[in-house]
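In: predicted model and sequence below, questions to follow.
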Amino acid sequence: MFSSSARLLHKSFASVKAAAANMSSNVPSFKSLAVTVPKPFVYHVEFNRPEKVNAMNQTMWTEIGQCFNELSFNPDCRVIVVSGAGKLFTAGIDVKDLMRVAPELAEAEDVARKAKILQQLISRFQASFSSMEECSKPVLAAVHSACIGAGVDFVSGVDIRYCSKDAYFQVKEVDMGMAADVGTLQRLPKIIGNQGLVRELCLTGRKMMADEALSQGLVSKVFDDKEKMMDGVLKIAEDIASKSPVAVQGIKRSLIYARDHSVRDSLDQIASWNQFMLQSDDFASAVMAQATKSDDIEFSKL
């Protein structure tokens, strides 16, 4: 016979097991990305082209947008961690794959028609990388070794960045005879806040090593190696996932809004948001938990 406490423990374990099984069955599948659920409500998205040093081909560009759009509406997902399989985070854009557009450009003799082909390609890539920012769930990047070119565009669109000691960040586009066009030039100045440094990084293409990235606010913490980084970042993600999803998603939405609007407009936005969200069960449950000093609280899916 089970005691009442044993029954409760058994029931709780069964509930967690059932929830985990449900999450595992609700994982999207992709060719260039590996998606897993290492912690309750925490989804791990891994760049999965290690044989190509996670260079971003057109398949990966497309799948990144699809993945974050899907997870944004997945009630089992509350936090997303992104990392890279293999030797490094990403070598940036797959130049060989990009050259496949050359024949299409060659066929278009008029400059306006060539420009339209490129404009559509750039817009599609921009939409893919904006999907992390537009995703309702917080996105945490865990960077090891190299984060080059399009990799910097990518991490500029996430919410929080972490890295290992061997990591470096490099805005490489200037060495390719172009200006970065999918987020770095627009977002990096707002992340670092040092206009001169951003210009130096973008105009020289030099490497920003992990210690400098930490001191300049690009990353929140530097870990000794990839293994320790993944353990640490997943614990942070698990902590966030234990909070009210109403609160977490509201915070992300309002921080992004405040970045792009005036203080007055942003105050109006959060007032409009909270006039509804303060009526949610999450707020009442969280306040009661604080009052009773209880940390055993579970929030419904959102």
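Out: Right, received. Where do you want to start?
In: can you count the residues close to the nearest residue to D295 once chain neighbours are set aside?
Out: Leaving aside its sequence neighbours, D295 sits nearest to A289 (C-beta to C-beta, 6 or more residues apart in numbering; 7.1 Å). Where you see a C-beta, it was placed from the backbone N, CA and C, and this is true even at glycine. By the criterion of other C-beta atoms under 10 Å, A289 has 13 neighbours.
In: I'd say A289 and I297 touch.
Out: Yes. Contact criterion C-beta atoms under 8 Å: A289 and I297 qualify, at 4.6 Å.
In: right, and F169 touches C147 too?
Out: Yes. If you go by C-beta under 8 Å, F169 and C147 touch, sitting 4.9 Å apart.
In: joint contacts of those two?
Out: Residues touching both F169 and C147 (C-beta atoms under 8 Å, 6 or more residues apart in numbering) are V155.
In: mind listing the strands for the stretch 151-300 of the chain?
Out: Remark: strands assigned in the stretch 151-300 of the chain by DSSP state E, counting those that start in this stretch are 160-164, 168-170, 207-209, 221-223.
In: nearest to S244, of the ones you listed?
Out: Nearest to S244 among these is strand 160-164; the distance by C-beta to C-beta comes to 18.3 Å.
In: let me know the average pLDDT across the closest one.
Out: Averaging pLDDT along strand 160-164 yields 98.
In: just how off-centre is that strand within its chain?
Out: Its chain's average C-alpha position is 11 Å from that of strand 160-164, according to C-alpha atoms, centre = their mean, to the nearest Å.
In: I'd like the numbering to begin with 37 instead of 1 from here.
Out: Renumbered: residue one is now 37, and that last one reads strand 196-200.
In: give me the sheet partners of that strand and which way each runs.
Out: Using DSSP bridges, the strands paired with strand 196-200 in its sheet are strand 175-179 (parallel), strand 257-259 (parallel).
In: distance to N310, mean pLDDT and mean neighbour count added to these, as JSON lines?
Out: Shown next, in JSON lines, are the strands paired with strand 196-200 (distance: least, C-beta to C-beta, whole Å; pLDDT from 0 to 100; neighbours: other C-beta atoms under 10 Å):
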{"stretch": "strand 175-179", "distance to N310": "23", "mean pLDDT": "98", "mean neighbour count": "27"}
{"stretch": "strand 257-259", "distance to N310": "30", "mean pLDDT": "98", "mean neighbour count": "18"}
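In: columns distance to N84 on top of these, output as TSV?
Out: Below are these laid out as TSV (distance: least, C-beta to C-beta, whole Å):
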stretch	distance to N84
strand 175-179	14
strand 257-259	21
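In: closest to N110 out of the ones you listed?
Out: Per C-beta to C-beta, nearest to N110 of the strands paired with strand 196-200: strand 175-179, 13.2 Å.
In: next, count neighbours for K226.
Out: Applying other C-beta under 10 Å, we find 11 residues neighbouring K226.
In: without its sequence neighbours, what residue ends up closest to it?
Out: R295 (6.1 Å).
In: tell me, what's the model's pLDDT at that neighbour?
Out: As predicted, R295 sits at a pLDDT of 96.
In: and if you look at the one 5 residues further on?
Out: In the prediction, the pLDDT value recorded for R300 is 97.
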